[in-house]
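A.B. asks: Everything below, folded, please.
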Amino acid sequence: MTLFISESEQDAVQIRRCDIKTGWRYIGFALFCLVFGFIYEQFSHEVYSTAMLYAFVFPLVAGLAWLAAGLHSSLPQLHPVSADCYHMGVVTCTVGSLFQGALEIYGTTSRFTSLYWYVGIALLLAALGAAVLLRRRDTQ
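C.D. replies: Next up, the predicted model:
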């Protein structure tokens with residue numbers, strides 16, 4: 001039985017709790033997107049959009065991945081730069097999907113909706129690259 005927990009162990013426990021909360025926030029955001037898409041399409045006069053319908057997938061997958069990483073104590077923590085790029089990439093892809101869905105339901109298109117996908121994927125790749133490079137720098 002442990003009677004004393006060092007400060008570094010307390011910090012690690014606090015960070016894991018924060019990761020778990022962030023994962024649940026992502027899942028809550030996914031549920032919000034699901035309900036938002038459902039309600040939006042109820043008033044769309046039977047016009048449907050797959051982009052609007054599946055916009056919840058981005059935060060759901062991101063939240064489950066974040067939650068799984070938070071529950072594994074053996075995984076290293078992400079650097080704040082990597083985490084921020086990850087969050088921004090997920091939000092950009094989700095907002096882009098909702099925006100594209102709204103345009104499709106409205107009956108119009110825009111060439112700028114593809115920018116959401118490019119920027120979102122670039123941010124997710126930047127998060128991955130930053131995680132690898134900063135992890136390598138910290139281990140040296």
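A.B. asks: hang on, V81 packs against V132?
C.D. replies: No: using CB atoms under 8 Å, V81 makes no contact with V132, being 11.9 Å away. For glycine as for every other residue, the C-beta is placed from the backbone atoms N, C-alpha and C.
A.B. asks: who's more crowded, the two?
C.D. replies: Ranked by neighbour count (other CB atoms under 10 Å), V81 and V132 place V81 first, with 14 against 11.
A.B. asks: so where does that one fall, helix or strand?
C.D. replies: V81 belongs to helix 80-106 when assigned by DSSP states H and E.
A.B. asks: any idea how far G129 is from L103?
C.D. replies: 31 Å (CB to CB, to the nearest Å).
A.B. asks: Looking at the two, which is more packed in?
C.D. replies: Neighbours were counted for L103 and for G129 using other CB under 10 Å; L103 has more, 17 against 12.
A.B. asks: buried sites along the helix holding V81?
C.D. replies: For helix 80-106, the neighbour count (16 or more other CB atoms under 10 Å) marks 82-83, 85-94, 96-105 as buried.
A.B. asks: Same check on stretch 47-63?
C.D. replies: Using 16+ other CB under 10 Å as the test for burial, stretch 47-63 gives S49, A51, M52, L53, A55, F56, F58, P59, L60, A62, G63.
A.B. asks: what's the span of that stretch, first residue to last?
C.D. replies: Taking CA to CA, to the nearest Å, stretch 47-63 runs 29 Å from one end to the other.
A.B. asks: which other residues reach that stretch?
C.D. replies: Residues from elsewhere that reach stretch 47-63 (CB atoms under 8 Å, 6 or more residues apart in numbering): 22-27, 29-31, 33-34, 37, 40-41, 86, 90, 93-94, 97-98, 100-102, 104-105, 107.
A.B. asks: Distance of T94 relative to L134?
C.D. replies: Where L134 is concerned, T94 sits at a distance of 25 Å (CB to CB).
A.B. asks: Kindly apply the preceding question to Y26 instead.
C.D. replies: Here Y26 is placed at a distance of 22 Å from L134 (CB to CB).
A.B. asks: out of these two, which sits in the busier spot?
C.D. replies: A count of neighbours by other CB under 10 Å puts Y26 above the other of Y26 and L134, at 24 against 15.
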